[in-house]
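Peer 1: Pasting the sequence and the predicted model now:
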Amino acid sequence: MSFIQHLSTPSLRTATGVAAALALSALSTPAMATAGQWDSAAAGHNGTGTSASTPWISAPAEGSSYAEWNAIYGYPVDDTPDIAGAGTLTETTGSGFPTSGGNIYGFSGATAFTLDVAGATSGLFDVYLRVSTVGSAASDIATLNGVEATRTITFSEAITGGFGGTEEESLWHWTLDATGPWVFSFTGSAAHMSLDQVAVYATAVTPAVPEPETWALMAAGLLAVGAMSRRRT
């Protein structure tokens with residue numbers, strides 16, 4: 001998915017659209033890392049996401065929620081993830097447009113997105129939101145069911161020439177009790193952000209298994225309590 005794109009439909013070829021296309025074409029692709037694929041590992045998984053055979057998460061845990069978009073053609077709503085699962089990605093400002101390469105580009109202002117993915121109704125989950133952008137960066141803060149998290153940048157490479165900016169991969173992480181669907185919200189930090197990829201993964205937190213030493217201490221404690229009870233009777 002290149003940042004250098006033409007507008008995807010004739011109806012979008014207005015004066016603004018032409019200006020946007022010219023702005024996009026001013027950027028130089030050889031200075032960028034490969035778009036349309038993850039260039040870093042995240043949350044312990046390192047699939048490139050370039051196709052269904054190379055997903056970010058190669059073996060999602062049983063009972064997890066997982067969806068990944070690597071070509072975003074629907075606007076303002078894309079409800080067909082390219083890899084795994086089901087979910088709905090929505091651009092909420094109306095200031096962006098889809099490009100022919102499968103990105104959502106914000107020419108006149110910062111774009112904003114919601115992402116709705118099926119979740120569980122009980123249990124503690126580790127939940128990850130992963131986003132790849134080109135040009136302007138994503139904002140630091142994203143929310144999941146109203147709870148804020150600050151992003152970790154897992155990949156960043158400056159774009160030289162044209163309008164500059166960066167190609168960047170961001171990861172947000174929450175540990176939350178499940179309450180139903182996972183509803184995310186994230187935004188661009190400024191105009192000229194091109195949303196390249198989006199993925200979400202929610203997996204149940206496995207309770208820690210006590211070490212043998214811990215079991216021994218617990219048994220000793222129970223024996224001590226039992227001995228004290230017998231003495232009192």
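Peer 2: Right, received. Where do you want to start?
Peer 1: how far away is residue 204 from residue 180?
Peer 2: 15 Å (CB to CB, to the nearest Å). In this view, the C-beta of every residue, glycine as well, is placed from N, C-alpha and C.
Peer 1: higher neighbour count, those two?
Peer 2: Comparing residue 204 with residue 180 by other CB atoms under 10 Å, the one with more neighbours is residue 204, at 16 against 11.
Peer 1: from what I can see that one touches residue 122, true?
Peer 2: No. Taking contacts as CB atoms under 8 Å, residue 204 lies outside contact range of residue 122: 9.8 Å.
Peer 1: Report the secondary structure state of the residue nearest in space to the middle of the chain.
Peer 2: Nearest residue to the geometric centre of the chain (CA atoms, centre = their mean): residue 130, 2.2 Å. Under DSSP: H, G, I helix; E, B strand; the rest coil, the three-state class of residue 130 is strand.
Peer 1: Could you measure from it over to residue 176?
Peer 2: Distance of residue 130 to residue 176, given as CB to CB: 17 Å.
Peer 1: What of residue 137?
Peer 2: From residue 137 over to residue 176 the distance is 25 Å, taken as CB to CB.
Peer 1: same question, residue 103
Peer 2: The spacing between residue 103 and residue 176, counted by CB to CB, is 29 Å.
Peer 1: ranges for the strands of this protein?
Peer 2: Under the criterion DSSP state E, strands of the chain are mapped to 65-69, 77-78, 87-91, 96-98, 104-106, 112-117, 124-135, 141-144, 147-150, 152-158, 166-177, 182-187, 193-204.
Peer 1: Now do the third one against strand 112-117, angle only.
Peer 2: Angle between the axes of strand 87-91 and strand 112-117 is 170 degrees (criterion: axes from the mean of the first three to the mean of the last three CA atoms, to 10 degrees).
Peer 1: what helices or strands is strand 87-91 leaning on?
Peer 2: If contacts are counted by 3 or more CB pairs under 8 Å, 6 or more residues apart in numbering; DSSP states H and E, strand 87-91 sits against strand 77-78, strand 112-117.
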